[in-house]
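Asker: Build me a model:
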Amino acid sequence: MLQPISVNMASLNLITLSPMLVVIGGALLILIIDLLKKDLDKSLYVTLSILILFVDFGATLSLGVNERGFFDVMLIDGVSIISQLLILIASMLFIPLALTQKRFHEYSYPEFFSLFLFMVAGFQFMVATDNLILIFVGLETASLALYTLIAMHNTPGSHEAAIKYFTLGAMAAGFFVMGAAAIYAVTGAVELYDVAKVMQTRLSEPGILVPVIGGALLMMVAIGFKVSLIPFHLWTPDVYEGSSAPMAGYMSIVPKVTMMVVAMRLLGLYVDMGVEPVRWMIIALAVVTMTLSNMMALVQEDVKRMLAYSSISHAGFVMAALALDTTKAYSSIFLYYTLFLFTNLGAFAMLWISRHKGQTYHSRFHHPYEKFAGLIHTSPQGAVIMAIFMLSLTGVPPFSLFWGKLYVISATVDAGYLWLAIVMAINSAIAAYYYLKLIVYMFLKPPAPGIEAVGINSSKPLVVIVGISVAVTTFSVLIMQPLLSYISYMVSVSGY
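Answerer: Got it, this is the predicted structure:
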């Protein structure tokens, strides 16, 4: 006779689910409001979404460190809290952009905001667990919502982008499931802390390295697709090009942060146990990614595609830190993406500077370099702001990403990988060419004959978001010490 299972509600620690429940409840609330009253102004949904994200932010900050909940599948450690805060900050910067242009009709649908909040919940689940099944559920929840959000832009390019992203995303999900199955076959566990215990005891068994490394390789392919590591990057420039500029900027940050956390938990487990083939696979992927993506970015004619390859290069740059297995290296990942968040989202937001949506600048691209020629004459403020973002992405002091790159390279040198630090520095120098190329067009070239120079969309939400991004990018040195101290503390208490 089956015995009833007694569940103690206090032991479930449901507070660990509170951040996700806030956004899921908010998404359902928006759908209910739309059912009760149709055709409400989109500003209501923008306001509601921002309010829900602020409540989620507060719920995340209130969480205790190193707690487990809901049958131990939820893990709230320092890494989980930092990454959730990054996801929410990026989301709060993105949502107000829905008010900047009426021509992006997807923002007028309440379903857009509900899907966006469901996507945020999926990302939060991914970083707030070490259970492979829940990571997969969060991954698919976020991905399916994101595919739909891209398609809602409703242009031929966006439909193509959504289909490409969906197809390759499904392939990545398949590799993730196969990798999880291989890990389960070796260890009989899906919680990473149990996986580590079992694997540690079995590593000395003859022949065990083959399935262990095989599982890691399958997982690395899945992670490579989501983080856009070469050779799994092919979807990235086309999907970014087909998406609206703000959505492309959001995709260049949040999905990568979440998958980096998954990689940190999963691949870091192998590196920590001394499985050297996995460490060298990570380093090889990182070097190939940052180098080849820089080569590809050099020949791009479109600024948005250039920024897409740029985000691939930055992902490779950060990926190298995963192989170092030091607290400083793991801290550098979060510092880098915190600074990259403001710079890159600001740069993509600035692609909205065109007032002449009916004007054709290029037969193939929407944002060719020629579009920005002579911008210093027609909009000095816009040219200076875009130049600040480009200089930051280059790594020029005192702008924010200089400190991020410096800290990652410093962690690499401290870990004893001087040659890798040199490769990273050389790639940063190569990247300077295509960032400075845009500055040359804006400041030194006259507008192309017969083409009217672009102007600035001065809507208040765009001004506020870009203003925040510029302020953080320019004056980040003032917050570096407290920010780095907080990140280092949260990473260290997580056991990394």
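
Asker: in which helix or strand would I find the nearest residue to residue 347 once chain neighbours are set aside?
Answerer: In space, not counting the residues next to it along the chain, residue 347 is nearest to residue 389; the distance is 4.1 Å by Cβ to Cβ, 6 or more residues apart in numbering. Where you see a C-beta, it was placed from the backbone N, CA and C, and this is true even at glycine. Following DSSP states H and E, one finds residue 389 within helix 380-394.

Asker: can you give me the offset of that helix from its chain's centre?
Answerer: 21 Å (Cα atoms, centre = their mean, to the nearest Å).

Asker: picking up where we left off before, list the contacts for the residue nearest to residue 347?
Answerer: 343, 344, 346, 347, 350, 469, 470, 473 (Cβ atoms under 8 Å, 6 or more residues apart in numbering).

Asker: Identify the farthest-apart pair in the residues you listed.
Answerer: 344 and 470 (12.9 Å; Cβ to Cβ).

Asker: out of those two, which sits in the busier spot?
Answerer: residue 344 (27 against 20; other Cβ atoms under 10 Å).

Asker: how close does the spatially closest residue to the more buried one that is not a sequence neighbour sit to residue 217?
Answerer: For residue 344, ignoring the flanking residues on the chain, the nearest one in space by Cβ to Cβ, 6+ apart is residue 252 at 5.4 Å. From residue 252 across to residue 217, the span is 26 Å (Cβ to Cβ, to the nearest Å).

Asker: Of these two, which one has the most company?
Answerer: residue 252 (26 against 15).

Asker: hang on, isn't the more buried one packed against residue 307?
Answerer: Yes: contact criterion Cβ atoms under 8 Å: residue 252 and residue 307 qualify, at 7.3 Å.

Asker: what about the lengthiest helix in the chain, distance to the chain center?
Answerer: Assignment by DSSP state H gives helix 156-187 as the longest helix of the chain. Averaging C-alpha positions (Cα atoms, centre = their mean) puts helix 156-187 17 Å from its chain's average.

Asker: quick one: contacts of the helix or strand just after that helix?
Answerer: Using DSSP H and E, the helix or strand that follows helix 156-187 in sequence is helix 192-202. Outside helix 192-202, the residues that touch it by Cβ under 8 Å, 6+ apart are 130-132, 183, 186-189, 208, 212, 265-266, 269, 272-273.

Asker: same thing with stretch 319-330?
Answerer: 79, 227, 229, 260, 263-264, 267-268, 271-272, 279-280, 282-283, 285-287, 289-290, 332-333, 336, 407-408, 410-412, 414-415, 417, 420, 424, 488, 491-492, 496.

Asker: among those residues, which are in strands?
Answerer: With strands defined by DSSP state E, no entry of these lies inside them.

Asker: What subset of those residues is buried?
Answerer: Those of these that meet the buried threshold are 79, 227, 229, 260, 263-264, 267-268, 271, 279, 282-283, 285-287, 289-290, 332-333, 336, 407-408, 411-412, 415, 417, 420, 424, 488, 491, 496, by 16 or more other Cβ atoms under 10 Å.

Asker: can you confirm residue 396 is in a helix?
Answerer: No: under DSSP: H, G, I helix; E, B strand; the rest coil, residue 396 sits outside any helix and is assigned coil.

Asker: That one touches residue 402, doesn't it?
Answerer: Yes: using Cβ under 8 Å, residue 396 makes contact with residue 402 at a distance of 6.1 Å.

Asker: Neighbour count: the two, which is higher?
Answerer: Just comparing residue 396 and residue 402: by other Cβ under 10 Å the higher neighbour count belongs to residue 402, 19 against 16.

Asker: picking up where we left off before, are any of the contacts of residue 389 buried, and which?
Answerer: Buried, going by 16+ other Cβ under 10 Å: 343, 344, 346, 347, 350, 469, 470, 473, out of the contacts of residue 389.

Asker: give me phi/psi at the fifth one?
Answerer: What it means is residue 350. Phi and psi for residue 350, reported as degrees, to the nearest 10, are phi -70, psi -10.
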